[in-house]
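predicted model and sequence below, questions to follow.
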Amino acid sequence: MFIPEKFSLAADLQEVIKFIAKLKAYSKIPEQVFKVNLDLDKVEHIDIGAISLLLSSIKELALKNIKVQGNLPKHPACEQYIIDSGFLEHLNILSSTVKRKINTIENESRNSMLMNGRDKTDHRRIGQCIKTSMKKICGYERHYQPLYGVIGEMNINSLEHAYRRNKHWLFAVNFEKKTEKLIFTFTDNGYGIYTRLKRNFGLKAFELLGLTTELKIVEGMFDEKYNSRFKKQYNRNKGLPAIKALQEKKKVTNLIIITNKVYINFATGKKIQLENDFSGTFYYWELDKNVING
Amino acid sequence: MDKVIKVLDFSEYPGPRYISQGLDSGELFYEEVLKDSFNEAVEKKIDIVVDLDYTAGYSPSFIDEVFGNLVYDFDWIEIENRLKIKSDQEPDWNQVILEKVFPQWRKKKNEGHPRKPNDL
């Protein structure tokens, strides 16, 4: 499979989602596919959001015993970016050239942290990861309470609402040296918010509330619109509104969610109905020194 | 003298809502720490302070499960009179617990719903 030239959410969101949808589709036919070869040769734009989506899809394929191998982009900056991201270390098969390149990076200068899990939350590891990452922008290790709580909620949602079996989530932190920002992503490869709601309640229930598009239904979840109407457990559904509040209270910047055919940037208010379905939920946000001190 | 419970003594990394979801859950904290301590406070007729500071933080589900369960086990007047929450690092929790968690759990209890959904 050829990875698109603009493999970046910022540069070509629709193309990235189209590619990811195509790649994830192999997990539905594991008896026909044993190995996928990812050709990154022509990649000229890349970002951590696209890399996280790719890595999460690879983990999904791995659950079906499908191996993935790949090469490096020819574009020097993209090649370095992908090495620094730690992405290659999660491929099943690496050439000796790629292995040599990875091994030349000193542990201290690595700018990424990745972790994945399955059927349990891992608050402890996530908390330690945040604490360690904060050193990159604050100069010392420290907790960042607002973020820890919300990532924990993403983690809980990934287990409670995303799957029945083959539970899988991926959390990544990347330090972008140029902008001195920490970039975080959290991904699960479950049903996605809209598909889950549709399965649980049916579309009629949402139509009665005047919510007729996928975008409006997903947005409603982040506005705490449904809990009392759809459940007798009035205390539930605090997670998604808490995630949105993280941006509203300016505890992070550039918070984005992609789920099913919905893209929302909570920072800018930009909303896009995607052409292809991303079966799962993906969060992206940034953090810098100004936000911490703000 | 008030009884003080520091969540940090339970865990630096408070976890998910339920024991089945992962380590150091809200359900575990309630069952192993808060329930007995609150009981003791009621018997001794003293106040109880739950100190939320200096942990890594809290997911809303953890907070909801910890404080919401009190509603099912104790009279509301005891909760209202004896419970104090200390949260200097994240002051919003005070408001969330008083204005959201308690009213929602009281409504749930008053309508006869179980404290925990049957499928969990």
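Now that the structure is in, tell me what you want to look at.

what about the chain, any weak spots by pLDDT?
I went with chain A, as the question did not name one. The model of chain A has pLDDT under 70 over residues A:92-95, A:97-114, A:161-166, A:225-237.

looking at chain B here, not the other one
B:118-120.

if we go to 80?
Low-confidence segments of chain B (pLDDT under 80): B:1, B:117-120.

show me which residues of it are close to chain A?
Contact residues, chain B versus chain A (C-beta under 8 Å from any C-beta of the partner chain): B:12-17, B:21-24, B:55-62, B:64, B:68, B:89-90, B:100-101, B:104-105, B:107-108, B:111, B:113, B:117. Where you see a C-beta, it was placed from the backbone N, CA and C, and this is true even at glycine.

helix/strand/coil for the closest residue in space to A:Lys74 that isn't next to it in sequence?
Closest residue to A:Lys74 apart from its sequence neighbours, by C-beta to C-beta, 6 or more residues apart in numbering or on different chains: A:Asp41 at 5.7 Å. Three-state call for A:Asp41 (DSSP: H, G, I helix; E, B strand; the rest coil): coil.

got a list of what the residue lying closest to A:Lys249 once chain neighbours are set aside touches?
Nearest residue to A:Lys249 in three dimensions, chain neighbours excluded: A:Pro146, at 7.3 Å (C-beta to C-beta, 6+ apart). Contacts for A:Pro146 (C-beta atoms under 8 Å, 6 or more residues apart in numbering or on different chains) come out as A:Leu246, A:Lys249, A:Lys251, A:Val252, B:Gly57, B:Glu90.

just those residues: which are in helices?
Judged by DSSP state H, the contacts of A:Pro146 include A:Leu246 as members of helices.

scan chain B for its longest helix.
helix B:60-73.

so which bits of it are buried?
Buried positions in helix B:60-73, judged by neighbour count with 16 or more other C-beta atoms under 10 Å in any protein chain shown: B:Pro60, B:Ser61, B:Phe62, B:Ile63, B:Asp64, B:Glu65, B:Val66, B:Phe67, B:Gly68, B:Asn69, B:Leu70, B:Val71.

right, and the helix or strand after that helix?
From helix B:60-73 onward toward the C-terminus, using DSSP states H and E, the following helix or strand is helix B:76-82.

which other helices and strands contact that following helix?
helix B:35-44 (3 or more C-beta pairs under 8 Å, 6 or more residues apart in numbering or on different chains; DSSP states H and E).

the inter-axis angle of the helix it packs on versus helix B:60-73?
40 degrees (axes from the mean of the first three to the mean of the last three C-alpha atoms, to 10 degrees).

give the residue farthest from the middle of chain A.
Of all residues in chain A, A:Leu208 has its C-alpha farthest from the mean position, at 31.8 Å, by C-alpha atoms, centre = their mean.

next, that one: phi, psi?
Phi and psi for A:Leu208, reported as degrees, to the nearest 10, are phi -60, psi -30.

ranges for the helices of the stretch 1-150 of chain A?
Using DSSP state H, counting those that start in this stretch, the helices found in the stretch 1-150 of chain A span residues A:9-25, A:48-63, A:76-84, A:96-103, A:123-138, A:145-160.

for A:Gly280, which of the ones you listed is the nearest?
Comparison of the helices of the stretch 1-150 of chain A against A:Gly280 by C-beta to C-beta identifies helix A:48-63 as nearest, at 7.2 Å.
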